[in-house]
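>>> Got a sequence here, can you build the structure:
(one chain, ligands or ions: 1)
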Amino acid sequence: MLFVSDPLQPVRGKAYIARMEKGTVELIKKLTPTMLHVNVRPKNLFPFKAGQYAAIQTLEGEETKKKYYSIASSDKNTDSLDFFIRLFSDSPTTRYFESLKTGEEIHFEGPGGKVHYNTNCSGRSVFLCTGSAISQHYSILSSNILEMNSPFLLWGLRNQDEIFLVDELNQLKEKNPSFNYEIVLSAPQKNWSGKTGYVSDHILKLGLKPTDCVYLCGQSKFIENVEISLTKSCGNCDNVIKESY
Ligand SMILES: Cc1cc2nc3c(=O)[nH]c(=O)nc-3n(C[C@H](O)[C@H](O)[C@H](O)COP(=O)(O)OP(=O)(O)OC[C@H]3O[C@@H](n4cnc5c(N)ncnc54)[C@H](O)[C@@H]3O)c2cc1C
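As a prediction, the model looks like this:
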């Protein structure tokens, strides 16, 4: 299996973090109890390719830190950047983002990362992700939806309380009716008729072909499990583009 992108190495080495930028927080909104939407207006236009991330400068007490976040918005908008930020109860980073106010200035570097839409893909574009990793996939989908051949998204979350972005995904379906998506819940509450379990449980049934382009984004354990399922379902699946958090 050939992985055409593994950007974690450059993240650690900061090899292609391009420049330091300033921006203004335009919107800060809790989408679910564990997901924050932050919209930033960069002071200068911020060209990026869908799939890339920015390193946002956060504050822990007096100390500044850099945390990496995929840009969730379309790369057609270089003057407005969306981020979906997962909130953790024991995290200083979460406290920093929750304390942000609209109009406040933030600093960030980027763009970084080599994951982007494979324009040479002759098969379907298939997106497999969990949780906040939808940021990267939503950016690629919303930037390229009109050119994509039967795109499909399988998105793993814990339960119904974590679901967001449904209206936006349905809007993508209106733009390209060949687009489909399904949400997989690992611990659904009652009254869930959709898929259950883990994303990796459902890969065999996708009927992947070697020409399909498969995008993976999530924690390293998720990537490992999905890779095992991919090998079983599509032994010679060559176009796998992955990023682990
Ligand atoms: C290229 C790249 C893109 C990324 N894009 C996004 C993005 O779009 N949205 C986003 O929310 N994050 C994204 N991340 C992850 C992000 O950079 C942080 O690692 C994450 O927000 C946790 O930071 P933290 O400082 O709160 O956690 P840490 O200080 O590292 O940990 C604090 C606590 O949070 C908990 N925790 C941390 N991470 C997880 C996890 N994944 N699952 C369960 N518990 C956890 C643990 O309990 C831990 O003790 C990305 C990472 C990379 C490398």
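
>>> what's the domain layout of this structure?
The chain resolves into domains spanning 8-112, 125-244 when parsed by automatic domain parsing.

>>> Can you check my assumption that Leu141 lies in a helix?
Yes - applying DSSP: H, G, I helix; E, B strand; the rest coil, one finds Leu141 inside a helix.

>>> Quick one: residues contacting it.
Going by CB atoms under 8 Å, 6 or more residues apart in numbering, Leu141 touches 127, 148, 151, 153, 172, 179. Just so you know, the C-beta spots here come from the backbone N, C-alpha and C atoms, and that holds for glycine as well.

>>> doesn't the fifth one fall inside a helix?
Put plainly, it is Leu172. Yes - under three-state DSSP, Leu172 falls within a helix.

>>> now it: how far from the ligand?
Plainly put, Leu172 is 18 Å away from the ligand if you go by CB to the nearest ligand atom, to the nearest Å.

>>> If you tally nearby residues, what's the number for that residue?
Using other CB atoms under 10 Å, Leu172 has 20 neighbouring residues.

>>> Please flag which of the contacts of Leu141 sit within helices.
If you go by DSSP state H, these have Leu172 in helices.

>>> between the contacts of Leu141, which is closest to the ligand?
For those, the minimum distance to the ligand (CB to the nearest ligand atom) is 14.2 Å, reached by Phe127.

>>> Just to check, the closest one is in contact with Pro151?
Yes - using CB atoms under 8 Å, Phe127 is in contact with Pro151, at 7.1 Å.

>>> returning to that earlier point: can you convert the contacts of Leu141 into CSV and add a column each for distance to Ile228 and pLDDT?
Output for the contacts of Leu141, formatted as CSV (distance: CB to CB, whole Å; pLDDT from 0 to 100):
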residue, distance to Ile228, pLDDT
Phe127, 18, 98
Met148, 26, 94
Pro151, 24, 97
Leu153, 20, 98
Leu172, 29, 98
Phe179, 27, 98
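
>>> quick revisit: select from the domains of the chain the stretch with the lowest mean pLDDT.
The stretch with the lowest mean pLDDT among the domains of the chain is domain 8-112, at a mean of 91.

>>> Tell me if that one is near the ligand.
Yes - using CB under 6 Å from any ligand atom, domain 8-112 reaches the ligand at 11, 53, 67-70, 84-86, 88, 90-91, 93-94.

>>> List buried residues within those residues.
Those of the residues of domain 8-112 next to the ligand that meet the buried threshold are 11, 53, 67-70, 84-86, 93-94, by 16 or more other CB atoms under 10 Å.

>>> And those, which is closest to Ser122?
Looking at these and their distance to Ser122, the nearest is Ser70, at 26.1 Å (CB to CB).

>>> and the domains of the chain, which is most packed in?
Of all the domains of the chain, domain 125-244 carries the top mean neighbour count, a mean of 18, counting by mean count of other CB atoms under 10 Å.
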